[in-house]
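K.L.:
Predicted coordinates and the sequence they were generated for:
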Amino acid sequence: YSVVSSTDFNFSTYQISPLIGDDEKISVGNNSFFKNLTTFIEFNDYNEYINFNMQIDSAVIKMKFLDNQNIDFLKSHDLSIGFIEKPNEYNELTANYDNISWLNDEYLTITSQVEIDSNGLNNLIFNLDSNFIEMLSDSTFKPLFILEELYDDNEILNFYSSNSIANKPSLNLFTSSENDTLFDSSFVINASSDVTIFQYPKLNEEFSDSNLNYLSVGAGLNTIIKPTLKNIELPNTASIIKANLNIEVDTLITLDSLNLNFQAFAIEDSAINWNWGEVLIEDPYFPISNIFSQSSLSKIENFKLSLDITNYIQFLLSQRFLNENELVNIGLKIDVINSNSIFDIIVFKNNFTSTNNIQVNIFYENN
């Protein structure tokens, strides 16, 4: 076989408003890039468990921490939970700082405690006071709880969310009958919806170096690239044995242990002018649904990400058609597939600073 390489690429990093709902974790706190994390929690309808002659005597909200949390930090800093009547505008999948004008800052709050349960797990506990109990007893009131941390400390705490298989946030109700104590009961009501909103770093502000490319789920940062093959001596009749895209990583800013998988997806008509730093309302670059369009999963090793794009290169070289249409200007979008935290930020170098920062190596046979 023969080998050719190229360091000639087009790049673009762009930003869209991040999609932050439907996550298996909820969070609270601040860090250097993500500010004022606030979590909304909604519980399943508890009124169906309570009949007309029962009253709520007390209630507790419990939330379980994810592993490796700084519990000592939490014990020294009060977290608070408040509640408002659920507004019609609230939606877990669309809530973010751009559309929460419905949130009124004036609401009752109570502070937290940390307890260890019988399984040795740390729980964040809120014992609801009489004001909360009075509102919960109103069957017409639909509460939306607000978890927040008011201190400007560089710490983010993570909890299991309503989307986790187990350990969902729960509302524990303790009721009694007005007529007979034999009907005293307790109910565990799981959370039905929750979402963490935050102020995220902005492209061209906190991230402004066009010699770098950025990826972040929480910040809505995306990177697309396209190798230029016309400048390399690669026959159109070549059969591609292996093609690897190698990208040098500049930094990884992460809150949790690093365990990220990456994948490259082909996108049709990926860009026209390849301007760096666009801020868009929605993502215009969607993957092509075809076997050639995605690389295998890969991890970062020794500050380099190597992605297998063999099928992608073969497709470009052969000038093949998809659904009877010739695809032109096909680029690649780099995605984070699984991340321990949506607050991970990955920074890639591009070839404006050094031709060794990104390279595609193609192994082929000439038929």
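P.N.:
That came in fine, so what should we check first? Numbering: from 1, shown residues only.
K.L.:
Could you check how many residues crowd around F9?
P.N.:
By the other Cβ atoms under 10 Å criterion, the neighbourhood of F9 contains 22 residues. The way it works is simple: take the backbone N, C-alpha and C, and place the C-beta from them, glycine included.
K.L.:
For it, give me its contacts.
P.N.:
Going by Cβ atoms under 8 Å, 6 or more residues apart in numbering, F9 touches I225, K226, P227, T228, N350, N351, I358, V360.
K.L.:
Those, buried ones only, as a PyMOL selection?
P.N.:
Of the contacts of F9, the buried ones go into a single PyMOL selection, burial set by 16 or more other Cβ atoms under 10 Å:
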select buried, resi 225+226+227+350+351+358+360
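K.L.:
Closest one of the contacts of F9 to A266?
P.N.:
Among these, K226 lies closest to A266 (Cβ to Cβ), at 9.8 Å.
K.L.:
In this structure the closest one contacts L316, no?
P.N.:
No: using Cβ atoms under 8 Å, K226 makes no contact with L316, being 9.6 Å away.
K.L.:
what do these two both touch?
P.N.:
I330.
K.L.:
can you pull up the bridge partners for T175?
P.N.:
Judged by DSSP bridges, the bridge partners of T175 are I56, S185.
K.L.:
so S177 touches N53, yeah?
P.N.:
Yes: with contact defined as Cβ under 8 Å, S177 reaches N53; the gap is 5.7 Å.
K.L.:
more neighbours, these two?
P.N.:
A count of neighbours by other Cβ under 10 Å puts S177 above the other of S177 and N53, at 14 against 11.
K.L.:
What is the neighbour count of K230?
P.N.:
When neighbours are counted by other Cβ under 10 Å, K230 registers 7.
K.L.:
tell me the helices in the stretch 1-150 of the chain, going along the chain?
P.N.:
71-75, 130-136 (DSSP state H, counting those that start in this stretch).
K.L.:
Among those helices, show the one with the smallest mean pLDDT.
P.N.:
Mean pLDDT per stretch puts helix 71-75 lowest among the helices of the stretch 1-150 of the chain, at a mean of 64.
K.L.:
Which one of the contacts of F9 is nearest to S58?
P.N.:
I225 (57.3 Å).
K.L.:
tell me how far the helix or strand containing that closest one is from the chain's mean position?
P.N.:
Element membership of I225, judged by DSSP states H and E, is strand 221-227. Computed by Cα atoms, centre = their mean, to the nearest Å, the chain-centroid distance of strand 221-227 equals 19 Å.
K.L.:
what do you get for stretch 102-121?
P.N.:
23 Å.
K.L.:
again with stretch 280-298
P.N.:
With Cα atoms, centre = their mean as the basis, stretch 280-298 stands 17 Å off its chain's centre.
K.L.:
Regarding the chain, what is its longest helix?
P.N.:
When every helix of the chain is counted residue by residue (DSSP state H), the longest turns out to be helix 310-318.
K.L.:
how about it: buried residues?
P.N.:
T310, N311, Y312, I313, Q314, F315, L316, L317.
K.L.:
Just give the nearest non-adjacent residue to the second one, would you?
P.N.:
So that's N311. With Cβ to Cβ, 6 or more residues apart in numbering as the criterion, N311 has its nearest non-adjacent residue at 4.1 Å, and that residue is F292.
K.L.:
Tell me if I am right that that neighbour is in a helix.
P.N.:
Yes: applying DSSP: H, G, I helix; E, B strand; the rest coil, one finds F292 inside a helix.
K.L.:
Tell me the pLDDT of it.
P.N.:
Here the pLDDT value assigned to F292 is 75.
K.L.:
Likewise for Y312?
P.N.:
89.
K.L.:
The residue nearest to N311 and E268, how far apart?
P.N.:
12 Å (Cβ to Cβ, to the nearest Å).
K.L.:
Please tell me I have it right and the residue nearest to N311 contacts A264.
P.N.:
No: F292 is beyond contact range of A264, at 11.4 Å (criterion: Cβ under 8 Å).
K.L.:
Could you check which of the two has the larger neighbour count?
P.N.:
Neighbour comparison, F292 and A264: the larger count goes to A264, with 25 against 19 (by other Cβ under 10 Å).
K.L.:
got a list of contacts for the helix or strand that contains the more buried one?
P.N.:
Secondary structure assignment for A264, by DSSP H and E: strand 261-267. Strand 261-267 has contacts (Cβ under 8 Å, 6+ apart) with 224, 245, 285-288, 290, 292-300, 305, 307, 309, 312, 315, 330-338.
K.L.:
between it and helix 310-318, how big is the angle?
P.N.:
20 degrees (axes from the mean of the first three to the mean of the last three Cα atoms, to 10 degrees).
K.L.:
I'd like the average pLDDT over strand 261-267.
P.N.:
Mean pLDDT, strand 261-267: 90.
K.L.:
That strand: which residues count as buried?
P.N.:
F262, Q263, A264, F265, A266, I267.
K.L.:
next SSE after it?
P.N.:
Using DSSP H and E, the next helix or strand after strand 261-267 towards the C-terminus is strand 278-279.
K.L.:
If we go by neighbour counts, what in stretch 280-289 is buried?
P.N.:
Y285, P287, I288.
K.L.:
So which residues of the stretch 1-150 of the chain form strands?
P.N.:
Taking DSSP state E, counting those that start in this stretch, the strands of the stretch 1-150 of the chain run over residues 2-6, 9-15, 25-30, 35-43, 54-64, 80-85, 109-111, 113-116, 122-127, 143-148.
K.L.:
Check those strands for me: which has the lowest mean pLDDT.
P.N.:
Lowest mean pLDDT within the strands of the stretch 1-150 of the chain: strand 113-116, a mean of 84.
K.L.:
Tabulate the CA atom coordinates of that one in CSV.
P.N.:
Presented in CSV, the C-alpha positions along strand 113-116 are these (Å, rounded to 0.1, in the frame of the first residue of the first chain):
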residue,chain,number,x,y,z
GLN,A,113,-29.0,19.5,55.6
VAL,A,114,-26.8,16.6,54.6
GLU,A,115,-27.7,13.2,55.8
ILE,A,116,-26.3,9.7,55.3
